[in-house]
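Asks: Here is a sequence with its predicted model. Questions after.
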Amino acid sequence: MRYADLHQRSISDPNGFWMEQAQAIDWVRPPSKALFDDDAPLYHWFRDGLVNTCWNALDRHVEAGRGDQVAVIHDSPVTHSKRELTYSEMRDRVASLAGALRAKGVQKGDRVIIYMPMIPEALEAMLACARLGAIHSVVFGGFAANELAVRINDAQPKCIIAASCGLEPGRVIHYKPLLDGAIEQASHKPDFCVIFQREQEVAKLTDDRDFDWHAFQYGIPAAECVPVEGDHPAYVLYTSGTTGQPKGVVRPTAGHLVALQWTMKNIYDVDPGDVFWAASDVGWVVGHSYICYAPLIAGNTTIVFEGKPVGTPDAGTFWRVISEHKVKSFFTAPTAFRAVKREDPKGKFVGKYDLSCLKTVYLAGERADPDTIEWAQDQLKVPVIDHWWQTESGWPIAANPMGVEPLPVKLGSPAVAMPGYDIHVLDEAGNPVGADTLGAIAIKLPLPPGTLPTLWNAQDRFRKSYLDQFPGYYATGDAGYMDADGYVYIMARTDDVINVAGHRLSTGGMEEVLASHPDVAECAVIGVADALKGQLPLGFLCLNSGTTRDNAEIVTECIRLVRDRIGPVAAFKLAVVVDRLPKTRSGKILRGTMVSIADGKDYKMPATIDDPAILTEISHALAGLGFPKA
């Protein structure tokens, strides 16, 4: 079947299409239909079915005779250790933890916060919650105490599962003092905590509240899977909100299962037994969907990697992991490749490893500039596929369906809409715009299965954030355009479309031009306030390792490049070389914070920032250009 026909069917006959896909999942009670629209514009999928996520991720593979297959590989260059867990071992470990949680009163509908690093026990904790029908909320390990406290107050967990510490190159991050501080600050107090003690640091346990991971489970009967309704929340994942109050994205159980199962073969082109690696963290949506759940639901082997793209120990660590563990399909963020490219622009490390197992690379998380994609293609000699999605969607909105019909790659585009996503580009009044015209990217309701039905305890905020701007549509918050072939181009967050003397310009388009300069490893463009033109673009340039040319020369060439390719209308006259860009731990550049610094506005230190010291460096660079303007 041609992919275009498959997609059209998913839009014209959503019930028929998704009921067919639902047959790939084990049900305790199959649903009577896929779509429940009696509460529009709030929609529900597979609502009257009964199902269990943990059964589909572990038990069914063991029951099918594949219990000896490796389910999880833990590769940790920071601890110089590796281990493998089979499906049978994972099933038994998860059932044991679930039994202990159940014995302490955790049951269906209770919330459990998980605060852990990249270790298999993090996946075990997630799956143990799913086994009981408890709703987990993973908070990125090492998050500041006040941010963890905010999430404790919102989710009101019965229990918190944490590790004693996390590890970064050259340092230990002490989780337990952060956890203690968060519980002290929070108005809601969990009944108990379970602490996984890592050998790098043994944390002091609080009497009558904290339990050691192993002792907690000793002698307790294992738990069976608890069936839950199709729309029962599998988890709540907090994403940063513009108000400073994080938004709890709700993930419904059955739609999550059905959608993720579909993606593994049809998008990522992996079969049961293949090794799939998403180089992310369990604190982010990628870690939920494509480290923990989707690979296990589909019977793949998943890799839990505790390291960095560079520095653990070098820019070849990705290639070592791929070669050693026979990774077929690799998923990372463009920012990770930019870090590798900056350290090893000529790809010397690539040649040290046998990468013949690798068939496809997928990029998501930040806009994938064509220069980064071309570099990766040249080095790896495999298709490098950009795809686009969000925490809210839980799985790709636009991608290249490599397992159905590989489509021609157009650099700069994450290709076409995936099943159930009816993508439109709208002007500010909500009217569709023509091909190749910049606008707000919106998705006609209903969204497909697995996407967020609401926000946790915040339905009004859900409507205001996503539904009210364009009635009948979900507002993605992204800006871009579609070409005549239906390929989507994500150019910026709508907040990053700048208005220069009445012209709406995409910062992403300018970044694309700057990234094409041979000395530029990474860049960002923001819009700064200007009394005459409203806003002016300002570029930040990070240069390749080993560049010896004069910074001023490179800046001049970059300004000329933008002027030549986008035109004088961009009014691009300001750029500065910096060592690093401020980013979240998932690699997103904090453009909004940089704008606030440039415009002299107060800003809140982003909770997810990787290194706060970088903001001081950015302030100094801006001061050198005369910002903020008096």
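Replies: Arrived safely.
Asks: for the stretch 301-450 of the chain, what spans make up the helices?
Replies: 317-325, 334-343, 370-380 (DSSP state H, counting those that start in this stretch).
Asks: Export only the CA atoms of the shortest one, formatted as CSV.
Replies: Only the C-alpha atoms of helix 317-325 are listed here, as CSV (Å, rounded to 0.1, in the frame of the first residue of the first chain):
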residue,chain,number,x,y,z
THR,A,317,31.2,7.0,22.0
PHE,A,318,28.0,6.8,19.8
TRP,A,319,29.8,4.8,17.2
ARG,A,320,31.3,2.4,19.8
VAL,A,321,27.8,1.7,21.3
ILE,A,322,26.3,1.2,17.8
SER,A,323,29.1,-1.2,16.7
GLU,A,324,29.3,-3.1,20.0
HIS,A,325,25.6,-3.7,20.5
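Asks: Would you mind getting the angle between it and helix 334-343?
Replies: Per axes from the mean of the first three to the mean of the last three Cα atoms, to 10 degrees, the angle that helix 317-325 makes with helix 334-343 is 110 degrees.
Asks: Just say which of the helices of the stretch 301-450 of the chain is most tucked in.
Replies: Of the helices of the stretch 301-450 of the chain, the one with the most neighbours on average (mean count of other Cβ atoms under 10 Å) is helix 334-343, at a mean of 22. Where C-beta positions appear, they are placed from N, C-alpha and C, glycine not excepted.
Asks: Which elements pack onto it?
Replies: Identification of packing neighbours for helix 334-343 by 3 or more Cβ pairs under 8 Å, 6 or more residues apart in numbering; DSSP states H and E yields helix 370-380, strand 520-530.
Asks: In JSON lines: those, plus mean pLDDT and distance to Leu514.
Replies: Formatted as JSON lines, the helices and strands packed on helix 334-343 follow (pLDDT from 0 to 100; distance: least, Cβ to Cβ, whole Å):
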{"stretch": "helix 370-380", "mean pLDDT": "94", "distance to Leu514": "9"}
{"stretch": "strand 520-530", "mean pLDDT": "93", "distance to Leu514": "4"}
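Asks: Low-confidence ranges, this protein, go.
Replies: For the chain, the stretches with pLDDT under 70 are 1, 240-244, 630.
Asks: and the longest helix for it?
Replies: For the chain, the helix with the greatest residue count under DSSP state H is helix 87-103.
Asks: buried ones in that one?
Replies: Residues of helix 87-103 classed as buried by neighbour count (16 or more other Cβ atoms under 10 Å): 87-102.
Asks: With adjacent residues omitted, what lies nearest to Pro449?
Replies: In this structure, Pro449 finds its nearest non-sequential neighbour in Gly255, 3.1 Å apart by Cβ to Cβ, 6 or more residues apart in numbering.
Asks: Surely the one you found touches Pro446?
Replies: No: between Gly255 and Pro446 there is no contact under Cβ atoms under 8 Å: 10.7 Å.
Asks: Tell me which of the two has more neighbours.
Replies: Gly255 (30 against 21; other Cβ atoms under 10 Å).
Asks: Please export the C-alpha coordinates of stretch 450-465 as CSV.
Replies: Below are the C-alpha coordinates for stretch 450-465, written out as CSV (Å, rounded to 0.1, in the frame of the first residue of the first chain):
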residue,chain,number,x,y,z
GLY,A,450,-1.6,8.2,22.2
THR,A,451,-1.7,12.0,22.2
LEU,A,452,-2.7,14.0,25.2
PRO,A,453,-6.4,14.1,26.0
THR,A,454,-5.9,16.8,28.6
LEU,A,455,-3.5,18.2,31.2
TRP,A,456,-3.3,16.7,34.8
ASN,A,457,-5.9,18.5,37.0
ALA,A,458,-6.0,21.4,34.5
GLN,A,459,-8.6,20.9,31.8
ASP,A,460,-9.2,24.7,31.5
ARG,A,461,-5.5,25.2,31.0
PHE,A,462,-5.5,22.5,28.4
ARG,A,463,-8.2,24.2,26.4
LYS,A,464,-6.6,27.6,26.7
SER,A,465,-3.1,26.3,25.8
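Asks: Tell me how far it lies from the chain's centre.
Replies: How far stretch 450-465 lies from its chain's middle: 19 Å, per Cα atoms, centre = their mean, to the nearest Å.
Asks: again, but for stretch 89-105
Replies: That offset, for stretch 89-105, works out to 27 Å (Cα atoms, centre = their mean).
Asks: Touching it from outside, list them.
Replies: Residues external to stretch 89-105 that are found in contact with it (Cβ atoms under 8 Å, 6 or more residues apart in numbering): 54, 58-59, 62, 67, 71-72, 85, 112, 120, 123-125, 127-129, 131-132, 134, 158-159, 191-192, 194, 216-217, 220-224, 296.
Asks: Just the buried ones from those?
Replies: Applying 16+ other Cβ under 10 Å to those flags 54, 58-59, 62, 67, 71-72, 85, 112, 120, 123-125, 127-129, 131-132, 134, 158-159, 192, 194, 216-217, 220, 222-224, 296 as buried.
Asks: Now distance to His517 too, for the helices of the stretch 301-450 of the chain, in JSON lines please.
Replies: Formatted as JSON lines, the helices of the stretch 301-450 of the chain follow (distance: least, Cβ to Cβ, whole Å):
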{"stretch": "helix 317-325", "distance to His517": "24"}
{"stretch": "helix 334-343", "distance to His517": "13"}
{"stretch": "helix 370-380", "distance to His517": "9"}
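Asks: Which one of the ones you listed lies nearest to Asn153?
Replies: The closest of the helices of the stretch 301-450 of the chain to Asn153 is helix 334-343. By Cβ to Cβ, the value is 31.3 Å.
Asks: you'd agree the residue nearest to Pro449 is in a helix?
Replies: Yes: checked against DSSP: H, G, I helix; E, B strand; the rest coil, Gly255 lies within a helix.
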